[in-house]
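Peer 1: pasting a predicted model and its sequence here:
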Amino acid sequence: MNKKEILIGVISDTHIPSRGPIIPESIIQDFLNKNIDYIFHLGDYTTLDAHKSLIKLFGKDKVISVSGNMDEQKITQILPKTREISIIGYKIFLTHGSGGPNGIIERLNREFNLINYDIIIFGHTHRPLNEKRDGKLYLNPGTPTDKRFTNVNSYAFLKLSQNKVDVDIIYL
């Protein structure tokens, strides 16, 4: 992709169908209306059908996912636990995450060698987070469907250009 600006829809912890029958239509419409370049899903789809629904709507090349701790075996067999990608010169690390929300950034840095990454995106805690630390962006979009461990539902947009990184967390 040779664009000057990339817009990524970021979701995690959709827990379909236990927390909802489908990924909320308002999110799908928002992604379509904004003509996103990619979707990052940080795991806990729960079922393969939820993953397939995103691929059917947006295409295999646009949907970039990792598996989470609640994903069924059909998902963990096809999706990695982590991904490393580079977009417009930004090195991005994707993982689901583990443990509680307190100390999550420290835990990620202990578990993975994140020195060479500009952006670290994760889920698991169900709580949105947009934090710059030590020159890195840490982003958790929260969960759009589950109120366990949080009192809000959310997803995010990540906009990348050569000189700027913008995050917009959308609360439902």
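Peer 2: Perfect, I can see it now. Numbers count the residues shown, from 1 in each chain.
Peer 1: who touches the longest helix along the chain?
Peer 2: Across the chain, the longest stretch assigned as helix under DSSP state H is helix 48-58. Residues outside helix 48-58 that contact it (C-beta atoms under 8 Å, 6 or more residues apart in numbering): 14, 16-17, 22-23, 28, 31-32, 36, 39, 41, 45, 63, 65, 72, 74-75, 78-79. C-beta here means a position set from N, CA and C on the backbone, and glycine is covered the same way.
Peer 1: give me that answer again for 7 Å
Peer 2: 14, 16, 22-23, 28, 39, 41, 45, 63, 65, 72, 74-75 (C-beta atoms under 7 Å, 6 or more residues apart in numbering).
Peer 1: do stretch 13-32 as well
Peer 2: Outside stretch 13-32, the residues that touch it by C-beta under 7 Å, 6+ apart are 9, 11, 39, 44-47, 50, 53, 57, 70, 123-124, 126, 143-146, 155, 172.
Peer 1: let's see it at 8 Å
Peer 2: Residues outside stretch 13-32 that contact it (C-beta under 8 Å, 6+ apart) are 9, 11, 39, 41-47, 49-50, 53-54, 57-58, 68, 70, 123-124, 126, 142-146, 155, 170, 172.
Peer 1: top of the contacts of helix 48-58 by neighbour count?
Peer 2: Using other C-beta atoms under 10 Å as the neighbour criterion, residue 14 leads the contacts of helix 48-58 with 31 neighbours.
Peer 1: now do the SS call for it.
Peer 2: coil (DSSP: H, G, I helix; E, B strand; the rest coil).
Peer 1: any idea how far it lies from residue 99?
Peer 2: Distance from residue 14 to residue 99, counting by C-beta to C-beta, to the nearest Å: 20 Å.
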